[in-house]
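Undergrad: The sequence and its predicted three-dimensional model are supplied below.
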Amino acid sequence: MPVLNRIAEFADEVTAWRRDLHEHPELDYDVHRTAGIVADKLKAFGCDEVVTGIGRTGVVGVIKGRLPGNKVIGLRADMDALPIVEATGKAYASKTSGKMHACGHDGHTSMLLGAAKYLAETRNFAGTAIVIFQPAEEGGGGGKAMVDDGMMARFNVDEVYGMHNLPGMPVGQFGVRSGPIMAAADKFEIRVEGKGAHAAMPHLSIDTVYIASQLVIALQGIVSRNVDPLESAVLSVTTFNAGDAFNVLPQDAVLRGTVRTFNPDVQDYVEKRMQEVSDAVAAMHGAKITLSYRRGYPVTTNHADQTEFAAKIASEIAGPERVNRAIAPMMGAEDFSYMLNERPGCFIFVGNGNSAGLHHPAYDFDDSVIPLGVSYWARLVETGLAG
């Protein structure tokens, strides 16, 4: 089944919503305008219940089918933007300097609103659809906040589904896989304390720039030489801060970065080896090195039955030849993982065409994706909650 006719009829309206959201990006949990628009529209659509303030600024809409049924399916979209200066040049570009929808959450929110409009109109299903609009996906853990607020139990969610656009995948295609599809994302900070000195007298110093440089190289060996090559891991040092004068060897240096893994055993091992490497480098140079390692979003793991179901629905909308059921897992992270840890479900990608990449200043959501995404959501509910 291709794009649903009724959805094609109001696709331009959904596009207008998307562009308005794009003009007014909001960060983290501070999505008050966006959440207000979402809640107002859900009420106007005639949702049976609209609840705000879940996970601080999340919104949930309840839509009951016209047929009797007890099963509840949750559909999730994220609402927050990124602290990036937009460079698209679009007429609807961000009106707030330093904030932009560079990951397509404006598109995700609008598509789920479109699905809510359709489902509230037709109600051609048995059971209940829950539409979940989440804040703070971009590092704030809004998915966890909504789960911790008791969302799953409060609305009796049985299964939960998420969708994200993917630049580089043609518009009209979907990608999904069972099992791990996105990585766990951890953060680290390493502080190196040495002995400052005049740059002309390095023998009097414990040179933190030299020591931290050696530490960067040693850390790279954890993945390349310690982790099983058949496993996946990334360790990236992303900031190196030390000193502010050309003729001073600084007393301190700070490294920061990220670790990405799929296997919890590998995750534990990398953290352990980072501590061992830090201790060894410190001992070798007589410095003090302190590692602070913080676990972030867990692995996003799709459940087998729900992944098969999601792929089936995507095939009905786009055609089976346009659904990749074994897309390669990605080292990016997603806090939809917290919801999948609570309930069975599936996270799927929909193609955004030849756009700039996610989190790029020139990125823009392709509005031609909207009818496809809305139809996917609608058909997933109607099939998953068939009477």
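TA: Now that the structure is in, tell me what you want to look at. Numbers count the residues shown, from 1 in each chain.
Undergrad: Give me the phi and psi for residue 241.
TA: The phi and psi torsions at residue 241 (degrees, to the nearest 10) take the values phi -120, psi 120.
Undergrad: Please name the bridge partners of it.
TA: Using DSSP bridges, the bridge partners assigned to residue 241 are residue 254.
Undergrad: Surely it touches residue 250?
TA: No. In this structure, residue 241 sits apart from residue 250 without contact. The criterion is Cβ atoms under 8 Å, and the distance is 9.3 Å. From N, CA and C alone the C-beta is placed, and that goes for glycine too.
Undergrad: Comparing those two, which residue is more hemmed in?
TA: Of the pair residue 241 and residue 250, residue 250 is the one with more neighbours under other Cβ atoms under 10 Å, namely 21 against 12.
Undergrad: Might one say that the more buried one is in contact with residue 240?
TA: No. Assessed by Cβ under 8 Å, residue 250 is found out of contact with residue 240, at 11.5 Å.
Undergrad: List the contacts of the top helix by length along the chain.
TA: Longest among the helix segments of the chain by residue count, using DSSP state H, is helix 264-285. For helix 264-285, the surrounding residues in contact (Cβ atoms under 8 Å, 6 or more residues apart in numbering) are 184, 186, 188, 190, 192, 194, 206-207, 210-211, 214-215, 218-219, 221-223, 226-228, 231-233, 235, 259, 261, 287-291, 293, 295, 299.
Undergrad: Flag every buried residue along it.
TA: 266-267, 269-271, 273-274, 277-278, 281-282, 285 (16 or more other Cβ atoms under 10 Å).
Undergrad: would a markdown table of these with pLDDT and distance to residue 329 be doable?
TA: Formatted as a markdown table, these follow (pLDDT from 0 to 100; distance: Cβ to Cβ, whole Å):
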| residue | pLDDT | distance to residue 329 |
| --- | --- | --- |
| 266 | 98 | 13 |
| 267 | 98 | 15 |
| 269 | 98 | 19 |
| 270 | 98 | 17 |
| 271 | 98 | 20 |
| 273 | 98 | 22 |
| 274 | 98 | 23 |
| 277 | 98 | 26 |
| 278 | 98 | 29 |
| 281 | 98 | 32 |
| 282 | 98 | 35 |
| 285 | 97 | 38 |
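Undergrad: Not counting sequence-adjacent ones, nearest residue to residue 345?
TA: Ranked by Cβ to Cβ, 6 or more residues apart in numbering and with sequence neighbours excluded, the top spatial neighbour of residue 345 is residue 160, at 4.0 Å.
Undergrad: Which strand residues bridge the one you found?
TA: When residue 160 is checked against DSSP bridges, its beta-bridge partners turn out to be residue 74, residue 345.
Undergrad: Might one say that it is in contact with residue 340?
TA: Yes. With contacts counted by Cβ under 8 Å, residue 160 reaches residue 340, the gap being 6.9 Å.
Undergrad: In this protein, where is pLDDT below threshold?
TA: Counting by pLDDT under 70, the low-confidence segments of the chain come to 1.
Undergrad: so where do the strands sit in the stretch 151-300 of the chain?
TA: Counting by DSSP state E, counting those that start in this stretch, the stretch 151-300 of the chain forms strands over residues 159-166, 174-175, 179-182, 184-193, 197-198, 233-242, 248-249, 252-261, 288-294, 300-302, given from the N-terminal end onward.
Undergrad: The helix or strand that contains residue 63 - which strands sit beside it in the sheet, and in what orientation?
TA: Counting by DSSP states H and E, the element that carries residue 63 is strand 58-64. Take DSSP bridges as the rule and strand 58-64 pairs in its sheet with strand 49-54 (antiparallel), strand 126-134 (antiparallel).
Undergrad: So among the contacts of helix 264-285, which ones count as buried?
TA: By neighbour count, with 16+ other Cβ under 10 Å, these hold 184, 186, 188, 190, 192, 194, 206-207, 210-211, 214-215, 218-219, 222-223, 227, 232-233, 235, 259, 261, 287, 289, 291, 293, 299 as buried.
Undergrad: This completes my enquiry, with thanks.
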